[in-house]
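Student: Whatever this is, show me its structure:
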Amino acid sequence: MRLRLLLVLCLFSPAAHAQETRFELGQRLRLFERELDKPGMAAKRKQAIGPLTEATPAFFRGQLGQAAGLLDRARLQLTDPKPAPERLWAESLVVRPASRFLDVSTKDLSLRVESFYRVSAERPDKVKIRWSLIGPDKKVATTSTIDLDKLPASGKLSLKGVKQGDYQLRSEVLVDGKVSAIGEQAVSLAADLAGRMAALRKGIEATKEAKRSTEKLTLPRLEAILVDLAASKTLETNYPATALLTEAEALLVAVKAGKPHYGKGRTGQFWLEVAGEGGSDPVRIQVPDAVKKGPVPVVVAMHGVGGSENMFFDGYGDGAIARLCKKRGWFLVTTRAPLFALGGPDVVRVVDALAKIYPIDTKKVFLVGHSMGAAQAVSTAGRKPERFLAVAALGGGGGFRSSDALKTVRFYVGVGDKDFALGTAKSLHASLEKTGVQKAVFEKFDDVEHLTVVQLALPKVFEFFDEAIAAKE
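Tutor: Reported below is the predicted structural model:
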């Protein structure tokens with residue numbers, strides 16, 4: 001089963017295939033999740049279960065293009081069980097920008113259009129593609145349209161007059177003047193990019209003797225992301241590169257001055273390398289405004305095989321867990337585990353290190369895990385049960401160390417009826433009940449497989465967490 005889990009989630013695996021394919025597969029999954037999240041769509045998920053369950057063996061066989069096509073077909077099935085051939089053809093296209101991080105002085109952004117996977121439908125007549133750069137204010141900064149007479153095709157988007165910032169590149173495939181497919185990805189522009197990157201590198205070199213801190217360790221992590229993006233490399237997900245460059249520059253100033261940069265006065269989302277006792281951990285966090293008023297509950301999310309700290313923010317319901325935490329004013333931490341690291345990251349070390357920076361209520365710590373992450377969450381709670389209030393294991397199971405302290409922890413086990421981990425989840429629940437934990441809930445979701453169980457289960461998970469807090473108080 002371990003190998004199969006790897007291939008099911010291989011779109012997030014850095015070693016499985018080229019990053020461009022990994023990135024595009026992630027984009028297709030997010031499009032499906034966004035559609036499924038629309039009102040009334042959950043009731044229609046049975047229409048999409050066929051393509052979704054076929055996607056798993058396609059990943060297993062290494063047929064990544066076919067898997068991407070199945071994700072698109074699953075999305076279309078939610079609203080149009082018999083999509084027109086021209087729409088299927090339009091959905092198969094992919095747009096590749098020459099770079100996603102450019103200097104603001106760049107005149108044009110070069111773009112390439114090609115097929116991402118094969119379809120039986122032929123290219124329709126009168127096909128165009130329209131590109132638009134959308135700013136944070138949702139306004140169009142620049143746009144252009146080209147005729148799509150053949151594939152692959154190339155075009156340019158003028159950047160004249162576009163200001164520094166992080167944008168969304170929207171690509172629309174027009175068939176007979178009507179939009180048949182839409183895709184979006186991040187593109188960032190920064191002033192004096194080369195000069196600022198050189199200054200950042202020089203500044204980091206000068207801080208080697210600075211005191212160890214989360215700020216110091218985070219600096220080279222952010223720089224590595226920025227270097228790759230500036231070199232026109234495709235990474236696993238969309239990054240707000242210009243905002244990250246500005247943050248890295250502010251971090252450098254803080255490290256040089258020996259002062260903290262992060263804390264309750266700085267809220268939002270951040271990529272950190274957390275300096276803990278005996279080691280450091282890469283995480284992505286969301287800090288709510290509520291920390292300004294006092295300690296808040298914290299949710300630690302653990303991804304499946306081959307994933308990273310970005311999966312719960314950029315996948316799993318297109319960041320559903322981030323929205324649920326934001327609604328409640330809770331602190332969110334997503335961790336990274338090495339491939340097949342069944343023990344998982346040191347969650348207690350991460351929480352304790354972050355508690356020195358932010359007002360976290362260490363008596364209200366929740367664990368959420370998917371697939372391999374579910375096993376890691378259960379195992380983590382078994383090792384340090386006194387540190388966790390409740391645990392949610394989704395699409396997976398695993399073993400744990402039984403103890404009297406574990407009996408005070410609440411467990412939610414969620415799985416789809418079409419999930420190959422159904423048996424493992426049932427076994428976990430049975431073991432928890434036998435151990436006598438305070439509460440062990442098992443919920444099976446109809447017409448749900450391994451990939452979408454997190455998105456559909458998370459609202460129930462957070463209701464379970466709400467009940468745990470209410471019971472404690």
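Student: ok, the nearest residue to P288 once chain neighbours are set aside - contacts?
Tutor: Using CB to CB, 6 or more residues apart in numbering and skipping residues adjacent in sequence, the residue nearest P288 is G329, 4.6 Å away. No exception for glycine: its C-beta is placed from N, CA and C like everyone else's. Each residue near G329 by CB atoms under 8 Å, 6 or more residues apart in numbering is listed here: P288, D289, A290, V296.
Student: packing partners for the helix or strand containing A392?
Tutor: Element membership for A392 (DSSP states H and E) is strand 390-394. For strand 390-394, the packing partners by 3 or more CB pairs under 8 Å, 6 or more residues apart in numbering; DSSP states H and E come out as strand 360-370, helix 372-383, strand 410-416, helix 453-472.
Student: What are the buried residues along the very next helix or strand once past the shortest one?
Tutor: Meaning strand 410-416. The C-terminal neighbour of strand 410-416 among helices and strands, as given by DSSP H and E, is helix 422-435. Buried residues in helix 422-435, counted by 16 or more other CB atoms under 10 Å: L422, T424, A425, L428, H429, S431, L432, T435.
Student: Could you chop this structure up by domain?
Tutor: Listed by automatic domain parsing, the domain ranges of the chain are 2-83, 94-190, 262-472.
Student: Buried residues of stretch 133-146, list them for me.
Tutor: Of all the residues in stretch 133-146, those buried under the rule 16+ other CB under 10 Å are L133, I134, A141, T142, S144, I146.
Student: dump the residue contacts of L93.
Tutor: V113, E114, S115, F116, I129, L151, V173, A181.
Student: Now the fourth one: closest residue in space that isn't a chain neighbour?
Tutor: Excluding the flanking residues, the one nearest F116 by CB to CB, 6+ apart is V94, at 3.9 Å.
Student: Please confirm that the one you found is located within a helix.
Tutor: No: V94 sits outside any helix when classified using DSSP: H, G, I helix; E, B strand; the rest coil, being strand.
Student: Model confidence for it, exactly?
Tutor: Per-residue pLDDT puts V94 at 97.
Student: wait, it sits on S115?
Tutor: Yes: assessed by CB atoms under 8 Å, V94 is found in contact with S115 at 7.4 Å.
Student: buried residues in the longest strand seen in the chain?
Tutor: Criterion DSSP state E: the longest strand present in the chain is strand 178-190. By 16+ other CB under 10 Å, the buried positions in strand 178-190 come out as S180, A181, G183, E184, Q185, A186, V187, S188, L189, A190.
Student: got a pLDDT number for the closest residue to the fifth one other than its chain neighbours?
Tutor: Closest residue to Q185 in three dimensions, ignoring its sequence neighbours and counting by CB to CB, 6+ apart: L169, at 5.3 Å. On the pLDDT scale, L169 is placed at 98.
Student: how about stretch 208-217: buried residues?
Tutor: Using 16+ other CB under 10 Å as the test for burial, stretch 208-217 gives A210, S213, T214, E215, K216, L217.
Student: Ok, stretch 106-121 next?
Tutor: Buried residues in stretch 106-121, counted by 16+ other CB under 10 Å: L109, L111, V113, F116, Y117, V119, A121.
Student: any idea which of the residues you listed is closest to L102?
Tutor: Nearest to L102 among the buried residues of stretch 106-121, counting by CB to CB, is L109 at 6.8 Å.
Student: so what's that closest one bridging to?
Tutor: L157 (DSSP bridges).
Student: so where does the nearest residue to A375 once chain neighbours are set aside fall, helix or strand?
Tutor: Leaving aside its chain neighbours, A375 sits nearest to G398 (2.9 Å; criterion: CB to CB, 6+ apart). Counting by DSSP H and E, no helix or strand carries G398.
Student: my guess is G398 contacts G373, does it?
Tutor: No: G398 is not in contact with G373 according to CB under 8 Å; the separation is 9.7 Å.
Student: When the two are compared, which one has more neighbours?
Tutor: Shown here are G398 and G373; by other CB atoms under 10 Å, G373 has more neighbours (31 against 23).
Student: Around the residue lying closest to that one once chain neighbours are set aside, how many other residues sit close by?
Tutor: The shortest distance from G373 to any non-neighbouring residue, by CB to CB, 6+ apart, is to M302 (3.4 Å). Neighbourhood size, M302 [other CB under 10 Å]: 29.
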